[in-house]
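K.L.:
here's a sequence, model it:
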Amino acid sequence: MNPIRKWLTLLLIASGLALAGCNDSSSSSTPSTDGTTTITTTAISAIGAGSIVIDGIQTSDPKESIYVRKVGHGPQTLVLVPGNNTSGKIFEGMLQYFRSIEAFNNAYTVYTFDYRGSGNSSYNKEITSLKDFALDFEKVMNKIDGFPTSGVTLVGYSMGFGVALEMMIANPSRYANIVSLTGIGTRGVRVSFANAGQAGTDSAGQTWAVGDWVTVTDDAKGITAAGFQQRSWQGDQRTLANVKFVWDMVVYNDVLKYNINTFAIGDATFTNDINYENSLLDGLYVQYMPESLYYAHKFNVSNFDVTHTNGSGSVVTIAGDRRLGTLLNGKKALLVKATTDFATWRGDQVIYDNYTATSKYDLKQAGGTVTAVMIGANQGYDHGFPVSHPLQTVKLIDAFLGGNLSSSSAATALGVTTVTLYPNSETAWETSTFTGF
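P.N.:
You can find the predicted model right below:
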């Protein structure tokens, strides 16, 4: 892939890309009657990892095997929800510190699950919405001995924040707090044909012009279009070199000091980190699921429709389904993101700032107490910060749950000099107007 062609991959993944970790095959298992491998639910608590077999969403659906990781033994339960193109192994750096720092190990019990199609989970039936992922996880939690029915904190990374919101909608009484780590937001993330390298005619005969959004009137055609939009780095193009190039340029752009003009890494320190290597491998081996990106595009739980006019003059409407209602009454939310700075090509190039500003508004309308933390660009934080800065991310979550979050404590936890904290009471930065592409 030449440099110009590589440049055209940039906005292919700016709609819901997230990171990944390598597979983890350890479990205490016994064969089941349907040919899958499972473990007793007590073993999750005993050994901290293993697969749980669950029924499908519909009674006619095949069973799925969902892989679980667990660390810690504290009274506060956290569920870490991964992003698109990822497994729960994405959080291994964070899990390391929940394990190794005694105060965190004693304070928290932390779970993360592999989506079906990622990590060690099966993919026997394609998803039909982000809600399917959420219902899978709800069934898994119900099978784990002693899993709390209340007081749980959800932490969603990238697309995982949309799944976390679906989890809260499915069983609001189970959750007390929700955290977004550079999440897609309450109104999803758009799949847009941003340049000539993405435009063209897909296998369903749909012709896409630069600037078009994928339509949502026919899910099968929408999934085909999402796959077409990603074609230059998916399918047989998903080589380790291509995954690495895309991750370096867009996801790790700030921590690597990536130079978009020369396609060169300015600081290669992080490339020697095991979490970096694992994220590339998981991105390479995750099952190809254009449907997950498509349903992140279609996701909108706000009270507002999002509209766009395509080049043909047709209007694409992502309807706000208003399912949040007042479900966040009595709950706290934290939204964390690295500021997007296109001028110097730093910060988060995947999730735009407006996604967070509108999410703050929407979650407050749903009754939540919402705090947003925007990390200044050019400080080594980008879309991949939970991978590149796992300890700092854990410290920030701990400060939030401990009721100690302020601009000063956030900066201290993150080890940066520039942090803007928007408390629940502010109304100037948050907005009901969605301007994300």
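K.L.:
contacts and neighbour counts: CA atoms only from here.
P.N.:
Will do.
K.L.:
distance between the helix or strand that contains residue 133 and the chain's centre?
P.N.:
Applying DSSP states H and E as the criterion places residue 133 in helix 130-143. Put simply, helix 130-143 sits 16 Å off its chain's centre (Cα atoms, centre = their mean, to the nearest Å).
K.L.:
just checking, what packs against it?
P.N.:
strand 49-54, helix 159-170, helix 290-298 (3 or more Cα pairs under 8 Å, 6 or more residues apart in numbering; DSSP states H and E).
K.L.:
what's in contact with that helix?
P.N.:
41, 52-54, 56-57, 66, 113, 115-116, 127, 147, 162-164, 166-167, 170, 292, 295-296, 299 (Cα atoms under 8 Å, 6 or more residues apart in numbering).
K.L.:
repeat for stretch 239-258
P.N.:
Against stretch 239-258 from outside (Cα under 8 Å, 6+ apart): 6, 9-10, 14, 18-19, 233, 260, 263-270, 280-281, 283-284, 345-350, 377-385, 388.
K.L.:
hmm, who's touching the lengthiest strand in the chain?
P.N.:
Counting by DSSP state E, the longest strand found in the chain is strand 64-72. The contact list for strand 64-72 (Cα under 8 Å, 6+ apart) reads 36-38, 44-45, 48-56, 88, 95, 98-99, 104-116, 119-124, 136, 140.
K.L.:
which of those residues are buried, as a PyMOL select command?
P.N.:
Selection of the buried residues among these in PyMOL, burial being defined by 16 or more other Cα atoms under 10 Å:
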select buried, resi 36+37+38+44+45+48+49+50+51+52+53+54+56+88+95+98+99+104+105+107+108+109+110+111+112+113+114+115+116+119+120+121+122+123+136+140
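K.L.:
I'd say residue 223 and residue 290 touch.
P.N.:
Yes: counting by Cα atoms under 8 Å, residue 223 sits close enough to residue 290 to count as a contact (5.9 Å).
K.L.:
contacts for stretch 273-289, please.
P.N.:
Residues contacting stretch 273-289 (Cα under 8 Å, 6+ apart): 19-23, 85-87, 90, 92-93, 117-119, 234-235, 238-240, 243-244, 247, 270-271, 387-388.
K.L.:
looking at these, which are in helices?
P.N.:
Among these, DSSP state H puts 92-93, 240, 243-244, 387-388 in helices.
K.L.:
quick one, which of those residues are buried?
P.N.:
Buried among those (16+ other Cα under 10 Å): 92-93, 243-244, 387-388.
K.L.:
now those residues in TSV, with pLDDT and distance to residue 354?
P.N.:
Formatted as TSV, these follow (pLDDT from 0 to 100; distance: Cα to Cα, whole Å):
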residue	pLDDT	distance to residue 354
92	95	29
93	96	28
243	93	27
244	95	27
387	98	23
388	98	23
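K.L.:
quick one: which of those is nearest to residue 208?
P.N.:
residue 243 (24.5 Å; Cα to Cα).
K.L.:
the closest one and residue 433, how far apart?
P.N.:
Separation of residue 243 from residue 433 (Cα to Cα, to the nearest Å): 34 Å.
K.L.:
same thing with residue 207?
P.N.:
For residue 207, the distance to residue 433 - Cα to Cα - is 29 Å.
K.L.:
tell me which other helices or strands the helix or strand containing residue 317 touches.
P.N.:
Per DSSP H and E: residue 317 is located in strand 315-318. Counting contacts by 3+ Cα pairs under 8 Å, 6+ apart, strand 315-318 is packed against strand 306-309.
K.L.:
distance between the strand it packs on and the chain's centre?
P.N.:
Its chain's average C-alpha position is 23 Å from that of strand 306-309, according to Cα atoms, centre = their mean.
K.L.:
output the contacting helices and strands for that strand.
P.N.:
The contact analysis (3+ Cα pairs under 8 Å, 6+ apart) places strand 306-309 against strand 315-318.
K.L.:
who does the strand it packs on pair up with?
P.N.:
For strand 315-318, the paired strands and their directions (DSSP bridges) read strand 306-309 (antiparallel).
K.L.:
show the average pLDDT along the partner strand.
P.N.:
In this model, strand 306-309 has an average pLDDT of 96.
K.L.:
list of residues touching it?
P.N.:
For strand 306-309, using Cα under 8 Å, 6+ apart, the contacting residues are 187, 212-213, 315-320, 434.
K.L.:
by neighbour count, which of those residues wins?
P.N.:
residue 187 (29 neighbours; other Cα atoms under 10 Å).
K.L.:
what lies in contact with stretch 171-179?
P.N.:
Contacts of stretch 171-179 (Cα under 8 Å, 6+ apart): 148-156, 161, 164, 168, 327, 330-336, 397.
K.L.:
again, only using 7 Å
P.N.:
In this structure, residues lying in contact with stretch 171-179 by Cα atoms under 7 Å, 6 or more residues apart in numbering are 149-156, 168, 327, 331-335.
K.L.:
filter the residues you listed down to just the ones in strands.
P.N.:
Among those, the residues falling in strands (DSSP E) are 152-156, 332-335.
K.L.:
measure residue 289 to residue 115 for me?
P.N.:
As defined by Cα to Cα, residue 289 lies at a distance of 11 Å from residue 115.
K.L.:
can you tell me what sits against the strand holding residue 317?
P.N.:
Strand 315-318 has contacts (Cα under 7 Å, 6+ apart) with 213, 215, 298, 300, 305-309.
K.L.:
returning to that earlier point: need the ones in strands among the contacts of stretch 171-179 in CSV with neighbour count, distance to residue 70 and pLDDT, can you?
P.N.:
What follows is the ones in strands among the contacts of stretch 171-179, written out as CSV (neighbours: other Cα atoms under 10 Å; distance: Cα to Cα, whole Å; pLDDT from 0 to 100):
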residue, neighbour count, distance to residue 70, pLDDT
152, 21, 14, 98
153, 23, 14, 98
154, 27, 14, 98
155, 26, 14, 98
156, 25, 16, 98
332, 22, 24, 98
333, 25, 23, 98
334, 24, 23, 98
335, 25, 24, 98
